[in-house]
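Q: need a 3D model of the following:
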Amino acid sequence: MSPGAHGSTGNLDGQSSNPGVQTRLAAVVLLTAVLAAAAVGLVTSKTPRTAVPAVARRAVRTAVPGAAGAPNLPPAALVPGRRSGPASGARATLTLGAPVLRVPRSYFGLSTEYWAMPLLERHMAQFKRILDLFHWPGDEPLVLRIGGDSTDHALFDVNVGRLPRALFELTPQWFRQTGQVVDQVSARVILDLNLVDDLPRMAVQWARAAQTELPPGSIVAYEIGNEPDLYNPLYWSHLLSPLERVLDIRLFTSGLTPGIYDDLYAQYAQALATFAPHVPLAAPVVAYPTIDFDWLDSFLARPQRGLAMVTAHMYPYSACALPGQPEYPSVAKLLSENATAGMAASLVPAINLAHRAGLPFRLTEVNSVTCGGVPGVSDTFATALWAPDALFELLRRGVNGVNVHVRAYAVNAAFALGPGGIAVHPLLYGLVLFARTLGPDAELVQTHLRVGAGVHLKAWVVRVAGNILHVLLIDKGSRGVRVDLSLPAVRRATVERLLAPTPTARSGVSLDGQRLGAGDTWQGRAATQSIGPGRVGYELNVPRYSAALLSVPLAS
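A: Here you go, the predicted model:
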């Protein structure tokens, strides 16, 4: 265990558990779009990395194993069949094993950009309402990570007058606004610190301002940098050259290697230790933990001062890829096991490496599609079915925490805030369903699922306080299924359903018969279903492309 880790991993409830011409032309087009978008702050978290000539490198790096190659997948048939309704004769049987994993109380969180915080402050009541959807009585405060690309474009206390448009200045007002948000929503914060300027002194001033204006004890970690494995010469010369002019420094024009990052981390850790010795650090914040494994291996090969959490980012698909490439998203791909179980399985080596070092592993950015998403894919009902399955797969593989990236104005965002109220995207419903599947003292229970041919059904079972089982059934295929649930219960169970007209629907989504309106409230009458047990348990129809959550009181 690294120095500073002892006694600090509990801050986030960490637990150890067991390529030609067309390509170059495409890269130029992508780079032009990236630069234009970066100037107005609309590029999402992984955009700068696409400004490299070798687009093929990105293609390789974003690939994750599919269902056929992913080890230890849950027992479900994963081959989609022909379209049919729930009365198609497809059957499934679910039985239970023992609880296998305690769900970390701080497992679920959100991530956003530095420039988004004033927006959240202007719409505080709306944002608080969103966060309330993810909580239950007695739950710990949600973990909000502030970072992303804006980390590398943010500067503090530079005193150079008006900054270039590509940069974002952290002013005293920004820190006050952020402090108000954190206080009002009772959040805990992971705060990214700019690494590309190579100025530990600025990082200390940055941290001092944050700890002055944010509620005491609300900062649970400083994250050193943002995706340093993507720092390359073209990144500097085209996207961050304003930093060189403002700061009169020379950036890493030769790129950044794992060894250089290790040295930089040590400098930042030493500088921060003199000011905030009790606030732990998070690193190395790599964009591709499955490919850039050497970054993690090098970093953890020696003790790292103040390190309390290993962090990385993960997206199974990328809008920065070219149509036709395997990593370019589609609705069908979001519904596949590659997007959930395959993604989680590819992270196992990185997870195990962190756990062997005695440290938790957290994805401080995760979503289905990076680079802002693709209209008609990232804003469809498919994301609502993807989200709970993906988050449970990551949990099952040993990820200790996740922060779903909700970059404002992006296609892949779960929601948007504005004068007209909350604009709800389908993804939000999936996140709410995931939160409802959890609860106090949640434990993930082992399941045994037997399904018929052509059925794409997933099942997740959580046992919570009060001797209650939450059974989440997700049908991501074109056939409905009747599920026989062999459960140790004798009382009536309630059923809440997540429904939409089609998996490509952008509207018409409902959860338990209700829809979230712009006025922050649920609209419509709740349609909670009640079913009683039979001789061998419960029986439930799950329509195609839908999900159902059963709350089952167990026999006393």
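Q: after the worst-scoring helix or strand of the chain on mean pLDDT comes which helix or strand?
A: When the helices and strands of the chain are scored by mean pLDDT, DSSP states H and E, helix 55-62 comes last with a mean of 31. Once helix 55-62 ends, the next helix or strand along the chain (criterion: DSSP states H and E) is strand 91-102.
Q: now do the buried residues in that next one.
A: Neighbour counts using 16 or more other C-beta atoms under 10 Å place 92, 93, 94, 96, 101 of strand 91-102 among the buried residues. (Each C-beta comes from the backbone N, C-alpha and C, glycine too.)
Q: before we move on, what about stretch 210-229?
A: Within stretch 210-229, the residues that qualify as buried are 210-211, 213-215, 218-229, counting by 16+ other C-beta under 10 Å.
Q: so which of those belong to strands?
A: Cross-referencing the buried residues of stretch 210-229 against strands under DSSP state E gives 219, 220, 221, 222, 223, 224.
Q: who touches the third one in this structure?
A: For residue 221, the contacting residues are 11, 12, 190, 191, 279, 280, 281, 282, 308, 309, taking C-beta atoms under 8 Å, 6 or more residues apart in numbering as the criterion.
Q: who's in contact with the residue lying closest to residue 443 once chain neighbours are set aside?
A: Spatial nearest neighbour of residue 443, excluding adjacent residues (C-beta to C-beta, 6 or more residues apart in numbering): residue 99 at 4.0 Å. The contact partners of residue 99, taken as C-beta under 8 Å, 6+ apart, are 443, 444, 445, 446, 463.
Q: mind listing the residues bridging to the third one?
A: Beta bridges link residue 445 to residue 99, residue 461, judged by DSSP bridges.
Q: hang on, isn't it packed against residue 468?
A: No. The pair residue 445 / residue 468 is not scored as a contact, 11.7 Å apart, by C-beta atoms under 8 Å.
Q: now do the same end-to-end measure for stretch 108-128.
A: Counting by C-alpha to C-alpha, to the nearest Å, you get 16 Å between the two ends of stretch 108-128.
Q: what segments of the stretch 401-550 of the chain are helices?
A: For the stretch 401-550 of the chain, the helices defined by DSSP state H, counting those that start in this stretch occupy 426-437.
Q: so where do the strands sit in it?
A: Counting by DSSP state E, counting those that start in this stretch, the stretch 401-550 of the chain has strands at residues 401-405, 415-418, 421-424, 443-451, 457-464, 468-475, 481-486, 493-499, 510-511, 515-516, 522-523, 529-531, 538-542, 546-553.
Q: what's the mean pLDDT across the first one?
A: Strand 401-405 shows a mean pLDDT of 98.
Q: quick revisit: next one: the residue nearest to residue 443 from residue 461, what distance?
A: As for residue 99, its distance to residue 461 is 9 Å (criterion: C-beta to C-beta, to the nearest Å).
Q: which neighbours do those two share?
A: Going by C-beta under 8 Å, 6+ apart, residues that sit against residue 99 and also against residue 461 are 444, 445.
Q: quick check, nearest of the contacts of residue 99 to residue 148?
A: Of all these, residue 148 sits closest to residue 444, with 29.1 Å by C-beta to C-beta.
Q: which one is that closest one nearest to, not counting chain neighbours?
A: With sequence-adjacent residues excluded and distances taken as C-beta to C-beta, 6+ apart, residue 444 is closest to residue 101, at 4.3 Å.
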